[in-house]
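Visitor: what follows is a predicted protein model with its sequence.
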Amino acid sequence: KKPPNVYFKKRQRGGLNYQALAKQSTLNKELIATILREYKIMHAEVILKEDCSEDDFIDVLEGNRVYMPCLHVFNKIDRISREELEIFSSK
């Protein structure tokens, strides 16, 4: 999984400056303000450049999530069908 494309910056004053450059399926200004209040952040600038979930936004706030590339290794690949192989390769 790639890190979410979200710009977040804490401010000293000015309230919440929210901007969504892509259509959001779950996040809106009220939900972001609620999440920020839980983290005791009252003044911030948030720019959402892609559709992301609440968990993605919280990961950006905390800043402790590490995204590493992964390698899938399949043992005994000759035992599965082509349909199952296509399912694995699409993920």
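Guide: The structure has been received and is ready for your questions.
Visitor: hey, where'd the strands end up in this structure?
Guide: Along the chain, counting by DSSP state E, strands occupy 6-10, 16-20, 44-48.
Visitor: can you list the strands that the second one pairs with?
Guide: Strand pairing for strand 16-20, determined by DSSP bridges: strand 44-48 (parallel).
Visitor: tilt between the strand it pairs with and strand 6-10?
Guide: 180 degrees (axes from the mean of the first three to the mean of the last three Cα atoms, to 10 degrees).
Visitor: and strand 44-48, which residues are buried?
Guide: 44, 46, 48 (16 or more other Cβ atoms under 10 Å). C-beta coordinates here come from the backbone N, C-alpha and C atoms, glycine included.
Visitor: among the strands of the chain, which comes closest to residue 84?
Guide: Ranking the strands of the chain by proximity to residue 84 (Cβ to Cβ) places strand 6-10 first, at 35.3 Å.
Visitor: on contacts alone, who are the packing partners of that closest one?
Guide: Applying 3 or more Cβ pairs under 8 Å, 6 or more residues apart in numbering; DSSP states H and E, one finds that strand 6-10 makes contact with strand 44-48, helix 54-62.
Visitor: tell me the buried residues in the last one?
Guide: By neighbour count, and taking 16+ other Cβ under 10 Å as the criterion, the buried residues in helix 54-62 are 56-57, 59-61.
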